[in-house]
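Student: the amino acid sequence is not available; the structure is as follows:
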């Protein structure tokens with residue numbers, strides 16, 4: 001059998017391809033950013049064709065750098081930015097419109113109307129989600145209503161929808177020449193269209209958005225021994241590789257962090273932050289502003305569910321310091337600048353650029369920096385930016401404890417921001433619990449590789465995956481309880497200042 005597994009990690013700002021061995025060690029990688037298209041305030045788009053082109057390039061570059069052929073890969077997994085919506089023509093392979101990104105807020109009126117009409121509670125009960133701009137269904141509705149010819153093409157069965165996992169799976173398996181149109185339950189559970197109990201598209205939910213069922217992909221297990229299909233010869237691989245793993249990025253990170261038992265959880269620090277808590281085969285309905293989502297489904301086994309706290313802007317707030325304010329020239333500089341001061345100097349930054357996600361779900365909120373005086377410098381703003389990542393995570397952790405009754409003993413962390421030692425120390429201080437980073441911090445790609453490898457028997461079971469997990473570093477809380485609670489109280493006060501800024505009909 002081939003020794004390696006490949007994983008495509010199609011993220012919000014970049015696409016990477018990673019290759020792992022049986023021990024879960026990284027063997028190779030390549031990564032490329034793609035353009036963020038910001039046509040107007042609140043709109044965030046990507047070019048699906050650019051993403052497909054970048055995907056082919058990163059695969060070919062990583063494989064060539066290691067001198068590997070398709071026959072060296074036992075399987076291929078995909079993980080992706082979840083709610084980002086692509087609608088394309090299945091005959092021509094051309095998107096009808098740019099991908100509308102999960103951060104995009106143009107559908108706020110659609111979400112507000114659902115609540116007004118009393119449909120919000122049905123969506124919460126069936127899909128586990130609140131009506132929000134975050135999820136795919138409103139974005140599909142917007143494209144159907146605003147892009148000429150798409151509604152008619154959808155009725156004819158020509159216009160099809162997918163999150164970026166489905167878009168890449170379709171292209172990798174042949175595109176217009178027999179590409180498979182599939183997704184998995186973790187991605188489907190982010191649309192507001194899938195029933196959590198049946199793991200199938202729900203006709204009542206489809207009717208709320210007037211979306212034809214024929215647009216939607218088939219839902220298959222996240223790790224599928226039957227394979228979704230094999231890579232086509234005219235794609236980035238020289239030969240066929242079975243595609244057997246598909247997970248939304250945050251669920252993939254949960255698998256990569258081997259959180260397979262109820263009560264185990266992780267926090268991923270990327271463009272946004274996403275904390276997931278495994279609740280086992282039980283669907284736990286949130287009363288504290290969290291999402292109920294599918295964590296994974298392996299083969300014919302029962303689906304495993306999770307509670308999730310989704311935060312829209314964390315790592316992208318650091319990008320904002322770099323690209324818009326230009327007070328740093330790289331993300332790494334945020335740690336150096338913030339280290340120049342001992343505390344935030346009374347400054348709090350709530351980066352509600354896309355409204356507030358969990359646990360508030362306020363699309364009327366917008367970003368605010370509060371507590372400024374003449375004393376403050378760019379270093380205080382940098383420090384407040386890093387603290388905002390940690391305070392938003394505490395908001396979610398508190399909600400998770402309310403819903404589950406499980407007190408967090410240690411927070412497993414992963415993702416790009418975890419290389420920032422100061423930020424991770426702040427996280428331990430603000431939460432009051434240890435923070436643990438694994439040796440392989442890119443657990444999103446690793447989780448997709450695990451799902452794919454399990455399907456073909458490269459790993460026998462999840463116990464074998466647990467043996468691969470090793471801790472790289474642990475941060476212990478250093479703040480006093482009084483310091484912790486005073487800081488959190490001021491954070492909550494700052495959050496209140498962001499609300500009711502935008503009028504939502």
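Tutor: Yep, that arrived. Given the structure is predicted, the values throughout are model-derived calculations rather than measurements.
Student: just for the stretch 401-505 of the chain, where's the confidence low?
Tutor: 504-505 (pLDDT under 70).
Student: would you map the helices across it?
Tutor: 421-431, 443-455, 462-466, 481-498 (DSSP state H, counting those that start in this stretch).
Student: what are the buried residues along the shortest one?
Tutor: Which is helix 462-466. Using 16 or more other C-beta atoms under 10 Å as the test for burial, helix 462-466 gives residue 465. In this view, the C-beta of every residue, glycine as well, is placed from N, C-alpha and C.
Student: checking residue 57 next. Helix, strand or coil?
Tutor: Here residue 57 is recorded as helix under DSSP: H, G, I helix; E, B strand; the rest coil.
Student: that one reaches residue 32, doesn't it?
Tutor: Yes: if you go by C-beta atoms under 8 Å, residue 57 and residue 32 touch, sitting 6.2 Å apart.
Student: and residue 161, that's in a helix?
Tutor: No: secondary structure of residue 161 (three-state DSSP): strand, not part of a helix.
Student: list the contacts for it?
Tutor: 85-87, 136, 140, 211, 215-217 (C-beta atoms under 8 Å, 6 or more residues apart in numbering).
Student: run the last query once more with 6 Å
Tutor: 87, 140, 215 (C-beta atoms under 6 Å, 6 or more residues apart in numbering).
Student: so residue 215 sits right up against residue 156, yeah?
Tutor: No: with contacts counted by C-beta atoms under 6 Å, residue 215 stays clear of residue 156, the gap being 10.8 Å.
Student: so between the two, which is more surrounded?
Tutor: When residue 215 and residue 156 are compared for neighbours, residue 215 comes out ahead with 24 against 11, by other C-beta atoms under 10 Å.
Student: name the nearest residue to the more buried one, sequence neighbours excluded.
Tutor: Excluding its sequence neighbours, the residue lying closest to residue 215 (C-beta to C-beta, 6 or more residues apart in numbering) is residue 161, at 4.6 Å.
Student: which strand residues bridge that neighbour?
Tutor: residue 87 (DSSP bridges).
Student: quick one: it and residue 368, what's the gap?
Tutor: 35 Å (C-beta to C-beta, to the nearest Å).
Student: and residue 467, how close does it get to residue 6?
Tutor: 21 Å.
Student: so if I had to pick from the two, which one is more boxed in?
Tutor: Using other C-beta under 10 Å as the criterion, residue 467 and residue 6 rank with residue 6 on top: 32 against 11.
Student: give me the element that one is part of.
Tutor: strand 4-10 (DSSP states H and E).
Student: what comes into contact with that strand?
Tutor: 16-21, 27, 72-80, 164, 444-445, 448-449, 452-453.
Student: can you map out the strands along the stretch 1-150 of the chain?
Tutor: Secondary structure of the stretch 1-150 of the chain (DSSP state E, counting those that start in this stretch): strands at 4-10, 14-20, 26-33, 45-46, 73-80, 85-89, 99-100.
Student: what's the PyMOL syntax to select whichever of the contacts of strand 4-10 are buried?
Tutor: Here the buried members of the contacts of strand 4-10 are turned into a PyMOL selection, burial being counted by 16+ other C-beta under 10 Å:
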select buried, resi 16+17+18+19+20+27+72+73+74+75+76+77+78+79+80+164+444+445+448+449+452+453
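Student: quickly note the distance from the closest residue to residue 262 other than its chain neighbours to residue 219.
Tutor: Spatial nearest neighbour of residue 262, excluding adjacent residues (C-beta to C-beta, 6+ apart): residue 280 at 3.7 Å. Per C-beta to C-beta, residue 280 is found 21 Å from residue 219.
Student: hmm, back to that, burial of the residue nearest to residue 262, as a residue count?
Tutor: Using other C-beta under 10 Å, residue 280 is surrounded by 16 other residues.
Student: repeat for residue 203
Tutor: 10.
Student: now it. Nearest residue, chain neighbours left out?
Tutor: Residue 203 sits nearest to residue 213 (C-beta to C-beta, 6+ apart), 7.3 Å away.
Student: show the pLDDT at that neighbour.
Tutor: Listed pLDDT for residue 213 reads 96.
Student: mind checking the backbone torsions on the residue lying farthest from the centre of the chain?
Tutor: What lies farthest from the middle of the chain is residue 374; by C-alpha atoms, centre = their mean that is 38.2 Å. Main-chain torsions, residue 374, degrees, to the nearest 10: phi -60, psi -20.
Student: contacts only, for it.
Tutor: With C-beta under 6 Å, 6+ apart, residue 374 has no contacts at all.
Student: again with residue 101
Tutor: Residue 101 is in contact with 44, 46, 84, counting by C-beta under 6 Å, 6+ apart.
Student: ok, what's across the strand from residue 413?
Tutor: residue 267.
Student: that one: what's it in contact with?
Tutor: By C-beta under 6 Å, 6+ apart, the contact set of residue 413 is 267, 435, 437.
Student: picking that back up, the strand holding residue 6: partners in the sheet, and parallel or antiparallel?
Tutor: By DSSP bridges, strand 4-10 pairs with strand 14-20 (antiparallel), strand 73-80 (parallel).
Student: now the ones you listed in TSV, with mean pLDDT and distance to residue 479?
Tutor: Below are those laid out as TSV (pLDDT from 0 to 100; distance: least, C-beta to C-beta, whole Å):
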stretch	mean pLDDT	distance to residue 479
strand 14-20	96	34
strand 73-80	97	35
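Student: now those as CSV including distance to residue 173?
Tutor: CSV is the format used below for the strands paired with strand 4-10 (distance: least, C-beta to C-beta, whole Å):
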stretch, distance to residue 173
strand 14-20, 16
strand 73-80, 10
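Student: hmm, residue 150 is touching residue 94, no?
Tutor: No: with contact defined as C-beta under 6 Å, residue 150 does not reach residue 94; the gap is 11.8 Å.
Student: pick out whichever of these two has more residues nearby.
Tutor: Set side by side, residue 150 and residue 94 show more neighbours around residue 150, with 21 against 10, by other C-beta under 10 Å.
Student: what's near enough to touch the more buried one?
Tutor: Applying C-beta under 6 Å, 6+ apart, the residues contacting residue 150 are 96, 143-144, 159.
Student: same thing with residue 497?
Tutor: Here residue 497 is in contact with 368, 370 (C-beta under 6 Å, 6+ apart).
Student: list just the nearest of the contacts of residue 150 to residue 119.
Tutor: Distance to residue 119, by C-beta to C-beta, is smallest for residue 144 among the contacts of residue 150, at 17.5 Å.
Student: now that closest one: how far from residue 108?
Tutor: Residue 144 sits 17 Å away from residue 108, going by C-beta to C-beta.
Student: what about these two, which has more around it?
Tutor: Neighbours were counted for residue 144 and for residue 108 using other C-beta under 10 Å; residue 144 has more, 23 against 20.
Student: how much space separates that one from residue 279?
Tutor: 34 Å.
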